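Novice: Structure, please.
(one chain, ligands or ions: 1)
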Amino acid sequence: MGEFPDWSLFRLLRYPGARGGLDLHLPAHGRGRGLAPALHSLLRRPPGSWDLPELPAFGGPLEPEGAVAEAQAACAALLGAERCWFGVNGASGLLQAALLAMAPPGSRVLLPRNLHRSLLHACVLGQIEPLLFDLPFDPLTGLWLPPTRTHLERVLAAAAPLHPTAVVLVDPTYQGLAADLPALVDLIHTHGGPGLPVLVDQAHGDGAALAAGADLVVLSLQKAGGGLAQSAALLSQGDRIDQPSLERSLLWLQTSSPSALLLASTAAALAHGRSTAGERQRRRALARASRLRQRLEGLGFPVVANRDPLRLVLATGPLGIRGTEADGWLLERGVIAELPEPGALTLCLGLAPPAALERRLPACLLDLRRELGGPHLPPFARPPLPLVAAPELAVGLAWRSQAELVPLAEAIGRIAAEPLCPYPPGIPLLIPGERIDAARATWLEGQRALWPGQIADTVRVVAPAAGPETSGR
Ligand SMILES: Cc1ncc(COP(=O)(O)O)c(C=O)c1O
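Specialist: Coordinates of the predicted model:
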């Protein structure tokens, strides 16, 4: 290993995986074990030989000809989409391009409160007004739940006077929770007569939103497929979204040198996921996930019921442990979870779960419960949010305003100038432009205690009589 300079990044790359421990985090290929085979072969070629520019024969995501165009067309057919574009800036970049194509400047878009921050950034870039809609909430785990059809009906009715131009759904969630998507998409498509177009953020999903009728779907191939980080795909169907607008938005946000490796990774992961070998790999992983779940439930561990068995979500509140505390304890013992939250810990089993997981994880969790367990935690407070809310000041204006830092308790009545966004999961608790009322300030104060070290005791608010910032701070 002497060939690496001793900088921390290089030390990390040398890290061989949790030796004797368990890697239960993304990417879903699990340090290469579940990597799409074609990608695996590519990476065995002489290092760097695959790092091609947009040669005519290779092309790029926006070129009409070349290998990339062919692979995109093949993947569209495989997934049942009309068009497919590969992306090299993760689901984040493609969600942004999709939103810019759906919503012109000044228009309003209905976004769920569990939106990924990239969508908020797209609102800034495209001068789009987010209309944030509240979601059902589970006080046992503190998790947002997918909307029911009735819930979404109420949201659409409440938002109707504000004339949204599009709706975004996140499905499945980071924790593998999923809605009755066909019912939701049908409702959005028919609401108030002509209906609205729907973008489904399926960063954690497999493209099933297309069969549910979604107009646009974004996939992240490292989260639910065997691709490398940053490999992603945008799928489209129908005529609600203008294709030239989509291509223009992709052009605005895409690097002029898309990585051939990441494009190949996207194609390989999509193709593998639908191949016989890929289905076999998935069935094996699912069978192991099911055995693990049964074993944990048999030992009295509360495992959250979800749609994706490869996301094992432990409800830690009934054990008397915070998810974040459990994460720290497990980390010290070499068990690396994906997503610690105040009332839950999400473990990503991946497409090729680690060896002997079914034996090793229950043993670790038994030790955890023995050492840290206690009385059931109190239920989590529901966020005090209206069913549909628009920030009072445009997100981009608020974010670029002259701002000042004030203690949370003194922020009541002020307008947020920055998001509060624990990461992961990258879901903002407060959005620039939102006015912080007393209930929100109290709730945020409570969140501070629940997300140790992730939320400051101060908040950046728009300065009195502030305009957009003109000089650097
Ligand atoms: C729901 C959701 N959407 C989008 C993203 C962004 O995906 P990426 O990291 O591939 O850009 C994430 C990342 O965690 C996510 O959880």
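Novice: How about residue 418: what's its closest non-neighbour residue?
Specialist: Leaving out its chain neighbours, the residue that sits closest to residue 418 by CB to CB, 6 or more residues apart in numbering is residue 460, at 4.3 Å. Using the backbone N, CA and C atoms, a C-beta is placed for each residue, glycine as well.
Novice: swap that for residue 441, please
Specialist: That would be residue 412: by CB to CB, 6+ apart, it lies 4.9 Å from residue 441.
Novice: can you check residue 246 too?
Specialist: residue 101 (4.3 Å).
Novice: Next, the contact list for the one you found, please.
Specialist: Under the criterion of CB atoms under 8 Å, 6 or more residues apart in numbering, the neighbours of residue 101 are 216, 241, 242, 245, 246, 248, 249.
Novice: can you list the residues of this protein near the ligand?
Specialist: Residues of the chain lying close to the ligand by CB under 6 Å from any ligand atom are 90-92, 95, 116, 118, 170, 174, 201, 203-204, 220, 232, 425-426.
Novice: just the residues you listed now: which is nearest residue 377?
Specialist: The closest of these to residue 377 turns out to be residue 425 (CB to CB; 19.4 Å).
Novice: what is the mean pLDDT for stretch 237-256?
Specialist: Averaging pLDDT along stretch 237-256 yields 96.
Novice: Give me the contact list for it.
Specialist: For stretch 237-256, the external contacting residues (CB under 8 Å, 6+ apart) are 61-62, 80-83, 85, 87-89, 93-94, 96-98, 100-102, 197, 210, 214-216, 234, 236.
Novice: If we use 7 Å, what do you get?
Specialist: The contact list for stretch 237-256 (CB atoms under 7 Å, 6 or more residues apart in numbering) reads 61-62, 81-83, 85, 88, 93, 96-97, 100-102, 197, 210, 215-216, 236.
Novice: Of those, which belong to helices?
Specialist: When DSSP state H is applied, the contacts of stretch 237-256 are split such that 93, 96, 97, 100, 101, 102 fall in helices.
Novice: residues touching residue 91, list them.
Specialist: 201, 203, 218, 219, 220, 232.
Novice: Using a markdown table, please lay out the residues you listed together with secondary structure, neighbour count and distance to residue 7.
Specialist: Below are the contacts of residue 91 laid out as a markdown table (DSSP: H, G, I helix; E, B strand; the rest coil; neighbours: other CB atoms under 10 Å; distance: CB to CB, whole Å):
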| residue | secondary structure | neighbour count | distance to residue 7 |
| --- | --- | --- | --- |
| 201 | strand | 31 | 35 |
| 203 | coil | 25 | 30 |
| 218 | strand | 32 | 34 |
| 219 | strand | 32 | 33 |
| 220 | strand | 30 | 28 |
| 232 | strand | 29 | 28 |
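Novice: quick check, nearest of these to residue 324?
Specialist: Out of the contacts of residue 91, the member with the shortest distance to residue 324 (by CB to CB) is residue 203, at 22.3 Å.
Novice: Flag every buried residue along stretch 97-117.
Specialist: Using 16 or more other CB atoms under 10 Å as the test for burial, stretch 97-117 gives 97-103, 108-117.
Novice: oh, I was asking about stretch 376-395
Specialist: 377, 380, 383, 385, 388, 389, 390, 391, 393, 394, 395.
Novice: ranges for the strands of the stretch 1-150 of the chain?
Specialist: Along the stretch 1-150 of the chain, counting by DSSP state E, counting those that start in this stretch, strands occupy 22-24, 83-87, 108-112, 129-133, 137-138, 143-144.
Novice: right, and the residue nearest to residue 441 touches residue 438 too?
Specialist: Yes - assessed by CB atoms under 7 Å, residue 412 is found in contact with residue 438 at 5.1 Å.
Novice: The two: who's more crowded?
Specialist: Counted by other CB atoms under 10 Å, residue 412 and residue 438 do not tie: residue 412 has more neighbours, with 15 against 11.
Novice: Relative to residue 429, how far out is the more buried one?
Specialist: Using CB to CB, to the nearest Å, residue 412 is found at 16 Å from residue 429.
Novice: which helix of this structure spans the most residues?
Specialist: As assigned by DSSP H, the longest helix anywhere in the chain is helix 276-298.
Novice: So what touches the helix or strand just after that helix?
Specialist: Later in the chain than helix 276-298, the nearest helix or strand by DSSP states H and E is strand 311-315. Contacts to strand 311-315, defined as CB under 7 Å, 6+ apart, come from residues 140-141, 175-176, 289, 292-293, 301-304, 306, 343-349.
Novice: do the same with stretch 74-87
Specialist: Residues contacting stretch 74-87 (CB under 7 Å, 6+ apart): 61, 68, 72, 93-94, 207, 210-211, 232-237, 243, 250, 263, 266-267, 270-271, 274.
Novice: can I get the contacts of residue 91 in a markdown table with pLDDT?
Specialist: Formatted as a markdown table, the contacts of residue 91 follow (pLDDT from 0 to 100):
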| residue | pLDDT |
| --- | --- |
| 201 | 98 |
| 203 | 98 |
| 218 | 98 |
| 219 | 98 |
| 220 | 98 |
| 232 | 98 |
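Novice: any idea which of those is closest to residue 454?
Specialist: Checking the contacts of residue 91 one by one against residue 454 (CB to CB), the nearest turns out to be residue 203, at 21.0 Å.
Novice: OK, contacts around the closest one?
Specialist: Going by CB under 7 Å, 6+ apart, residue 203 touches 91, 116, 218, 219, 220, 223.
Novice: Now compare those and name the two farthest from each other.
Specialist: Greatest spatial distance in the contacts of residue 203: 116 and 219, 13.2 Å, computed using CB to CB.
Novice: low-scoring stretches of the stretch 101-250 of the chain, by residue?
Specialist: For the stretch 101-250 of the chain, not a single residue meets the criterion pLDDT under 70.
Novice: mind listing what the residue in the chain that the ligand sits nearest to touches?
Specialist: Closest approach between the chain and the ligand, counting by CB to the nearest ligand atom: residue 90, at 2.4 Å. By CB under 7 Å, 6+ apart, the contact set of residue 90 is 220, 230, 232.
Novice: Name the SS class of the second one, please.
Specialist: So that's residue 230. Following DSSP: H, G, I helix; E, B strand; the rest coil, the label given to residue 230 is coil.
Novice: Am I right that it is in contact with residue 88?
Specialist: Yes - assessed by CB under 7 Å, residue 230 is found in contact with residue 88 at 5.6 Å.
Novice: what do those two both touch?
Specialist: What both residue 230 and residue 88 touch, as defined by CB under 7 Å, 6+ apart, is the set residue 262.
Novice: thinking again about what came up before, what about the residue nearest to residue 441, distance to residue 77?
Specialist: Distance from residue 412 to residue 77, counting by CB to CB: 55 Å.
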